[in-house]
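> Starting from these lines, generate the structure:
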Amino acid sequence: MDRFKKAVELSFRIRPAGIALAAVYALSCLGSRQFSLDQFFLPAGIRAAALLIVPTRLWPYLLLGEYAYFATLRIPMIDTYGLDWVILASTLLMPMAMLVVYLHRMRMPSEAATGLWLLSLSFCTALFVPGLNLGISYVLWSNPPPSNLLDAVDRTIFGHFAAIITLVPLAFLWSRRQADPGWSDRFVAPTASAILVMLVLGLCMQLTSAGAHTTRTHMVLLAALPAIALTFMHGWRGAAIAIPLLNLPLHGATPSTGLPSSFDLGTFATQQNMAVMSVALLALGSSISYHHQRARSRGLAEATTLRLARGSHQTSERELRERAVHLKHLGEGMDSSLSEMVSWLKSQGHHAVANSLQHASSVHSRLFREQASLVYPTGLEQVGLYIALQAGGAYEIWNNTHRVIPPRLAGNPCLLTVDLQLAIYRSLIEAVSLLLELETGQVCVRARSGRAGKRRGIVAVVSLLDRGCTLSTRTTHQAVERLAGRMLAYGGTVHCRGNRLRLVLHEPITHASPAAA
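Numbers count the residues shown, from 1 in each chain. Coordinates of the predicted model:
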């Protein structure tokens, strides 16, 4: 028996913060009801907004505040409408709203689908909660329903929807204030200007006379322009800010007799237009956020791919550098051994054999160093790109073809990082080899390095000397396939036009390059 009691025991700790939350909620509903009309019922918006902002574990306190609000409001109505209606119509509305919000919160939207999610929440809450209230009233009221019942239902449901779609996006925006992606700081001045214009137009609405429906309508239409601008700049977040700035000033300027049942037909027509515009703004903002998120995800994926490709190239270059250093040690060892052999032969009187061996050794040693420099240009790290091009194995190979004229090089490539110099070095060798393989005639190599603004880089052009010739389609395709991978990995571009290939690489000026140091 004791075990059963422990199993079913429920503990509910009363928190002072929860009691304060219930009191604030009840006072907010009571206070907003004094400024509400059936065509714009603020307590409905406060109910839905509170359920979005407050964590689920604190919902019982909201329910307590709702019951306190209805107790203050409807206990005096017992004699008129009956105890059954007072109890049912007061206790079931908040649970219905909780159910709708809970089902929506189970499927929390992505940043791209937030606007449509908010529209669904607003429609469902505005339909089921007042629908339940009207159904209970129709069943339990002893008085016959009014002849204009459909008009009353339409006005009530619309009033709930107008208030909910005004406050719910703003509440959800507050609950997602720490979520990614954050606010963009590119539109600070235009955003502040749009909000200021809407506030000024809202103040002008309050100053217009009660019967100036046309003037208020024009002001609302003018306020819609900065609202659209906010939506375009910030997606659904901009719409969440713009909608309250559109609807609340219009509601504040609505003529009223002081009772929630008072009705103004001229303002009601404008409010209907504003409800349609609010739906359109949220749908438009959702679409903009969706495409912005897709573009951002695609940009992040491209940046990640390029970073991985650049890392792969850098790892490959480090491995080639280690091989080149190893080959250099092997060459130095062979040169030392051959030098000792030449000295021994001369000491034994074999001068002819020693001279022949020394000549062959020097020729093969030079060829060996040229091939080692093609593996990795170690001289590039000390003397820069241009010297590595003019004194390495690539230049000797170009000379042996008798088709490459001496390159024209300008600027100081040592200001560039070693990685960027290696990238353009490999690309230049590949481009020249490509033209020598697929084209005829002389080949010209030109390069210029420098800086522009906060960036520095190099432009290299590999072209046919005959300007009347045009690169073949095969050459163009091969150039893109063989050069674009490395160039794009370092933020560069490859252009094929006319008789030339144009290679561009650049980088931000953030620190002095190791080569320059």
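> can you tell me the helix or strand for Ile288?
Per DSSP states H and E, Ile288 falls inside helix 265-347.
> With Val494 instead?
strand 493-497.
> elements contacting the helix or strand that comes right after that strand?
The C-terminal neighbour of strand 493-497 among helices and strands, as given by DSSP H and E, is strand 500-508. Other helices and strands packing on strand 500-508, by 3 or more CB pairs under 8 Å, 6 or more residues apart in numbering; DSSP states H and E, are helix 418-438, strand 455-464, helix 473-489, strand 493-497. (Glycine included, C-beta is placed from N, CA and C.)
> wait, which of these is closest to Ile157?
In terms of CB to CB, the element of the helices and strands packed on strand 500-508 nearest to Ile157 is helix 473-489, at 56.4 Å.
> So which bits of that closest one are buried?
With burial defined by 16 or more other CB atoms under 10 Å, the residues of helix 473-489 counted as buried are Thr475, Thr476, Gln478, Ala479, Leu483, Arg486, Met487, Leu488, Ala489.
> Format those residues as JSON lines; extra columns: distance to Val168.
Converted to JSON lines, the buried residues of helix 473-489 look like this (distance: CB to CB, whole Å):
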{"residue": "Thr475", "distance to Val168": "61"}
{"residue": "Thr476", "distance to Val168": "56"}
{"residue": "Gln478", "distance to Val168": "58"}
{"residue": "Ala479", "distance to Val168": "56"}
{"residue": "Leu483", "distance to Val168": "54"}
{"residue": "Arg486", "distance to Val168": "52"}
{"residue": "Met487", "distance to Val168": "50"}
{"residue": "Leu488", "distance to Val168": "45"}
{"residue": "Ala489", "distance to Val168": "46"}
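> roughly how far apart are Glu322 and Tyr376?
Glu322 sits 8 Å away from Tyr376, going by CB to CB, to the nearest Å.
> what about the two, which has more around it?
Using other CB atoms under 10 Å as the criterion, Glu322 and Tyr376 rank with Tyr376 on top: 22 against 12.
> Look up the closest residue to the more buried one, ignoring the ones flanking it.
Leaving out its chain neighbours, the residue that sits closest to Tyr376 by CB to CB, 6 or more residues apart in numbering is Ala324, at 3.6 Å.
> centroid residue for the chain?
Arg296 (4.0 Å; CA atoms, centre = their mean).
> got the contact list for the strand or helix carrying Ile19?
For Ile19, the element it lies in under DSSP H and E is helix 16-33. With contact meaning CB atoms under 8 Å, 6 or more residues apart in numbering, helix 16-33 is reached by 42-43, 46-47, 50, 54, 58, 60-62, 64-66, 68-69, 72-73, 260.
> at 6 Å instead, please
Contacts to helix 16-33, defined as CB atoms under 6 Å, 6 or more residues apart in numbering, come from residues Leu42, Pro43, Ile46, Ala50, Leu58, Tyr61, Leu62, Leu64, Gly65, Ala68, Tyr69.
> Going by distance to Val418, which of those wins?
Leu58 (58.9 Å).
> which ones are touching the closest one?
Gly18.
> check contacts around Pro109.
Contacts of Pro109 (CB under 6 Å, 6+ apart): Trp117.
> any chance you could read off phi and psi for it?
When quoted as degrees, to the nearest 10, the phi and psi of Pro109 stand at phi -80, psi 160.
> For Gln34, see how far away it is.
34 Å.
> just to revisit the earlier point, any idea how far the residue nearest to the centre of the chain is from Tyr290?
11 Å.
> Could you do Ser122 as well?
19 Å.
> the more surrounded of those two?
Ser122 (26 against 19).
> Would you indicate which residues of the host helix or strand of that one are buried?
According to DSSP H and E, Ser122 maps onto helix 114-140. Across helix 114-140, burial judged by 16+ other CB under 10 Å covers 114-122, 124-126, 129-130, 132-134, 136-137, 140.
> and Arg455, how many neighbours?
Arg455: 12 surrounding residues under other CB under 10 Å.
> Quick check, it in contact with His506.
Yes: if you go by CB atoms under 6 Å, Arg455 and His506 touch, sitting 5.0 Å apart.
> low-confidence ranges in the stretch 101-250 of the chain?
111-112, 141-152, 179-184, 210-211 (pLDDT under 70).
> quick one, helices of it?
Secondary structure of the stretch 101-250 of the chain by DSSP state H, counting those that start in this stretch: the helices cover 114-140, 149-175, 188-207, 213-234, 236-252.
> looking at the ones you listed, which is buried most?
Greatest average neighbour count among these goes to helix 236-252 (a mean of 24), per mean count of other CB atoms under 10 Å.
> quick one, it and helix 213-234 angle?
What separates the directions of helix 236-252 and helix 213-234 is an angle of 160 degrees, with axes from the mean of the first three to the mean of the last three CA atoms, to 10 degrees.
> Who are the packing partners of helix 236-252?
helix 149-175, helix 188-207, helix 213-234, helix 265-347 (3 or more CB pairs under 6 Å, 6 or more residues apart in numbering; DSSP states H and E).
> Pipe the ones you listed into JSON lines and attach distance to Thr91 per row.
Output for the helices and strands packed on helix 236-252, formatted as JSON lines (distance: least, CB to CB, whole Å):
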{"stretch": "helix 149-175", "distance to Thr91": "18"}
{"stretch": "helix 188-207", "distance to Thr91": "37"}
{"stretch": "helix 213-234", "distance to Thr91": "38"}
{"stretch": "helix 265-347", "distance to Thr91": "29"}
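> Can I get the strand holding Val494 in CSV? Just the C-alpha atoms.
Provided in CSV are the C-alpha atoms of strand 493-497 (Å, rounded to 0.1, in the frame of the first residue of the first chain):
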residue,chain,number,x,y,z
THR,A,493,39.4,32.8,-61.1
VAL,A,494,40.3,31.5,-64.5
HIS,A,495,39.2,33.4,-67.6
CYS,A,496,39.6,32.1,-71.2
ARG,A,497,39.2,34.7,-73.8
